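Visitor: Starting from these lines, generate the structure:
(one chain, ligands or ions: 2)
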Amino acid sequence: QLVQSTFFPPAEGVMLPTGSFSNRVAFITGGGTGLGRAMTSTLSQLGAQCVIASRKLDVLQQTAEEISSQTGNKVHAVECDVRDPQAVARCVERMETLTGLPDVIINNAAGNFVCPSERLSPNAWRSITDIVLNGTAFVTLELGKRLIQSRKGASFLAITTIYAESGSGFVVPSASAKAGVEALYKSLAAEWGRYGHRFNIIQPGPIRTKGAFSRLDPTGAFEKAMISRIPTGRLGKPAEIANLAAFVSSDYATWMSGAVIRLDGGEYVSMAGEFNELRRVTPDQWKMMEAMIRNTRGS
Ligand SMILES: CC/C=C\C/C=C\C=C\C(=O)SCCNC(=O)CCNC(=O)[C@H](O)C(C)(C)COP(=O)(O)OP(=O)(O)OC[C@H]1O[C@@H](n2cnc3c(N)ncnc32)[C@H](O)[C@@H]1OP(=O)(O)O
Ligand SMILES: NC(=O)C1=CN([C@@H]2O[C@H](COP(=O)(O)OP(=O)(O)OC[C@H]3O[C@@H](n4cnc5c(N)ncnc54)[C@H](OP(=O)(O)O)[C@@H]3O)[C@@H](O)[C@H]2O)C=CC1
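Guide: Residues are numbered from 1 along each chain as shown. Ligands and ions are numbered 1, 2, ... in the order given. Presented below is the predicted three-dimensional model:
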């Protein structure tokens, strides 16, 4: 952490009023681990009945039991590989039996690893884009059609990343798929408002989770450099994403649709600005540079 991080301590308590999600059902893909788990925990604390879905049923069940026993609200675990549209349909059928159709859908499941693009096999490309773009599309279309049929409104949220906008080397399948997810959600925000559906996007900056860090910084060599370019001087916390996701999915945000919200401690703008490296210039060096600039004449 950098010294300035003391100005920006994370508030990790639940932000919204108790009961904000009473009588609501939330469906969270990848809800068994990392950020998905944090979002599930927050929504459950706020009164939601949650359904979490991913490939590893044992992981889901453990998370579901831990959160349910803490909050007193039921969390259901449903096995689902989002790459398989038939598995998604079966998962949604199971959810309809358990809880009915959801009020809140969070497309959070993802796959990623750092890899020079010239080393990617077609299957490596497919494995990431299938989870991230096709998986999000299959979940969204399956639920969207059923919600439309039932005339029920819902809030859809996709978790993308700051490089969905800029692109990024070494995570090219993820960058391409996350950009596709953003186009999907912005497009549906325009098309499906008439059915009572909102679509929003959160772009997190780096937040320590086992899933992300083990695949994106396996040696730990890049963490220091990452933190040094974040103006608020620290990584994000899962609870910070969870509070924002809860707000975006809540009745306090019913006028929000088609929004792309970056939560990254300022990392994106810090990497983007042409002259931001001048942060390293010392006061004495500035004195000298200013004198040189002021002395420039006629050119
Ligand atoms: C430090 C953090 C800073 C910023 C973070 C910003 C953004 C973060 C975005 C994220 O999405 S983080 C979330 C990360 N979490 C996960 O990835 C969890 C799920 N991931 C997985 O299950 C695996 O990692 C998976 C994506 C590879 C999928 O697993 P699956 O079992 O379906 O695939 P396979 O193991 O069969 O592999 C498929 C295919 O890919 C090739 N491959 C796998 N790993 C690599 C690698 N490291 N480098 C190159 N290629 C790889 C593998 O060889 C297969 O291809 P072939 O069949 O051999 O051709
Ligand atoms: N942590 C970070 O720094 C950042 C994370 N993000 C995004 O946040 C989200 C959560 O990531 P994070 O919590 O860090 O990482 P995790 O690895 O913990 O979360 C990924 C989740 O996706 C699930 N998943 C993967 N493949 C599938 C599949 N085929 N079907 C269903 N579920 C699947 C995994 O469960 P299982 O293995 O059981 O299937 C896992 O629970 C992702 O969208 C990621 O891109 C974005 C920017 C930064």
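Visitor: now Arg198, what's its secondary structure?
Guide: Of the three states, Arg198 takes strand under DSSP: H, G, I helix; E, B strand; the rest coil.
Visitor: Could you pull up the residues touching it?
Guide: Taking Cβ atoms under 8 Å, 6 or more residues apart in numbering as the contact definition, Arg198 lies against Gly153, Ala154, Ser155, Phe156, Ala189, Ala253, Thr254, Met256, Ser257. Heads up, the C-betas are built off the backbone N, CA and C, glycines and all.
Visitor: let's see it at 7 Å
Guide: Contacts of Arg198 were listed using Cβ atoms under 7 Å, 6 or more residues apart in numbering, and they are Ser155, Phe156, Ala189, Met256, Ser257.
Visitor: Then Met95?
Guide: Applying Cβ under 7 Å, 6+ apart to Met95 gives the contacts Phe27, Val51, Val78, Pro102.
Visitor: likewise Pro116?
Guide: Shown in contact with Pro116 (Cβ under 7 Å, 6+ apart): Phe170.
Visitor: and the gap between it and Gly169?
Guide: Applying Cβ to Cβ, to the nearest Å, one obtains 8 Å for the distance of Pro116 from Gly169.
Visitor: again with Gly266
Guide: Distance, Gly266 to Gly169, using Cβ to Cβ: 21 Å.
Visitor: got it, and Phe7?
Guide: From Phe7 across to Gly169, the span is 32 Å (Cβ to Cβ).
Visitor: which of the contacts of Met95 lies closest to Ile293?
Guide: Each of those was checked against Ile293 using Cβ to Cβ; the closest is Phe27, at 57.4 Å.
Visitor: Name the nearest residue to that closest one, sequence neighbours excluded.
Guide: Pro102 (4.1 Å; Cβ to Cβ, 6 or more residues apart in numbering).
Visitor: That neighbour: what secondary structure?
Guide: Secondary structure state of Pro102, per three-state DSSP, is coil.
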